[in-house]
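**Q** coords please:
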Amino acid sequence: MESNGKALRIHVSSSTSAILQKFGTFELKLRGDIEMKGKGKQRTYWLLGEQGGLSIQHSLMNWDDDTVDVH
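**A** Numbers count the residues shown, from 1 in each chain. Prediction:
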């Protein structure tokens, strides 16, 4: 998907879009069907951002170092 992306945009597959939509807080926009290397045409989306709630950065700041495995 990297070869079909655009600078500073997050390009996601339909399966990733389906997972994000279950959260109900992510804003996605249909990009359309894109020819993917080795996979043929795939429906893809732009991840535009999160609607309300905590930002990812803020929620990670609340994690205790003991709860995260670092490899």
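**Q** and for residue 31, the neighbour number?
**A** The tally of other residues near residue 31 (other Cβ atoms under 10 Å) stands at 17. For every residue, glycine as well, the C-beta is placed using N, CA and C.
**Q** tell me which element it is part of?
**A** Counting by DSSP states H and E, the element that carries residue 31 is strand 26-36.
**Q** the following helix or strand past that strand vs strand 26-36, what angle?
**A** Per DSSP H and E, the first helix or strand lying C-terminal to strand 26-36 is strand 40-50. With axes from the mean of the first three to the mean of the last three Cα atoms, to 10 degrees as the basis, strand 40-50 and strand 26-36 are set at 160 degrees to each other.
**Q** list the neighbouring strands of strand 40-50 plus their orientation.
**A** Strand 40-50 sits in its sheet next to strand 10-13 (antiparallel), strand 26-36 (antiparallel), going by DSSP bridges.
**Q** can I get these in a markdown table including distance to residue 49 and mean pLDDT?
**A** Putting these into a markdown table (distance: least, Cβ to Cβ, whole Å; pLDDT from 0 to 100) gives the following:
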| stretch | distance to residue 49 | mean pLDDT |
| --- | --- | --- |
| strand 10-13 | 9 | 91 |
| strand 26-36 | 5 | 91 |
